[in-house]
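# A structural model of the following input is requested.
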Amino acid sequence: MPLFKRIKPNPHTSIVLWQIAESEGELMSEINLSKSDESRYHSFTKELKRKEFLAVRHSVKNIFGETRQLLYNSEGKPFLENGPHISVSHTKGFAGVIVSSKQAVGIDLELEREQIARIAPKFIRPAEEKSLHAKETLAHLTHYWGAKECLVKITGNRKLDFIKQLHVQPFDLKHPQETTALIQNNDKGPQQAQLFFDYLHPVYLTYGWENTAAAIL
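I've put the predicted structure just below:
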């Protein structure tokens, strides 16, 4: 069972990261899929996608002690029926899940890749760009990208403009690290979020949640 990392940021939030080292058959043999999950699983034509799908379910099982069915709303945001808030992520060789009983959450896993630098003008605001580490720019950009992905997952709004509507308070590159963010969400008005960053070789982890008056941080 390649549990990679378990994190407990606070009493009502849990994170599990899974390293995908098993075969597809091994992953499938240890969980029970619902009919809808099984249908979704068989819709993936690539083995990598099927393994990521199963690894996410293993992460969920590790948190709850049992297989839980993930449902999806019209925007593709996952949720648990009568359960806590949840967000999932996967990248090559890894999957991750965050759940919270208090507020909306988001998680993003990334491996360092040159493409982040090429698309930076599409997601980095001027103030964020000024904060980039001179010698480790790619790593810093990876966390900013992860931050924006987390904010989208927190809101469930995939139409948010990464530059105009997602404002990340500039932060220094160190691990672990945290910052705040402002989401100019046209659907709900301004929202604030707390974001956290870490590097767990070789994975860049970003996670966070919406700041609300009801949240116990």
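
# going by C-alpha atoms from here, please, whenever you check contacts or count neighbours.
Fine.

# pull the distance from the host helix or strand of residue 154 to the chain's centre.
Assessed by DSSP states H and E, residue 154 sits inside helix 137-155. Mean-position distance between helix 137-155 and its chain equals 9 Å (C-alpha atoms, centre = their mean, to the nearest Å).

# can you pull the buried residues of that helix?
Within helix 137-155, the residues that count as buried by 16 or more other C-alpha atoms under 10 Å are 138-155.

# and for stretch 97-116?
Within stretch 97-116, the residues scored as buried using 16+ other C-alpha under 10 Å are 97-100, 102-111, 116.

# ditto for stretch 163-171
For stretch 163-171, burial by neighbour count (16+ other C-alpha under 10 Å) applies to 165-171.

# again, but for stretch 8-26
13-20, 24.

# hmm, who's touching that stretch?
2-7, 47, 50-52, 55-56, 58-60, 62-63, 93-102, 217 (C-alpha atoms under 8 Å, 6 or more residues apart in numbering).

# list buried residues within those.
3, 6, 50-52, 55-56, 58-60, 62-63, 94-100, 102.

# and the helices in this structure?
Taking DSSP state H as the test, the helices found in the chain are 24-29, 35-42, 47-64, 115-119, 126-130, 137-155.

# tell me how the protein divides into domains.
Under the assignment automatic domain parsing, the domains of the chain span 3-101, 109-210.

# can you pull the contacts of the residue nearest to residue 132 when sequence neighbours are not counted?
Setting aside the residues directly before and after it, residue 132 is nearest to residue 140 in space (C-alpha to C-alpha, 6 or more residues apart in numbering), at 6.0 Å. The contact partners of residue 140, taken as C-alpha under 8 Å, 6+ apart, are 132-133, 173.

# report pLDDT for residue 211.
We have a pLDDT of 87 for residue 211.

# now it. Nearest residue, chain neighbours left out?
Using C-alpha to C-alpha, 6+ apart and skipping the chain neighbours, the partner closest in space to residue 211 is residue 193 (4.9 Å).
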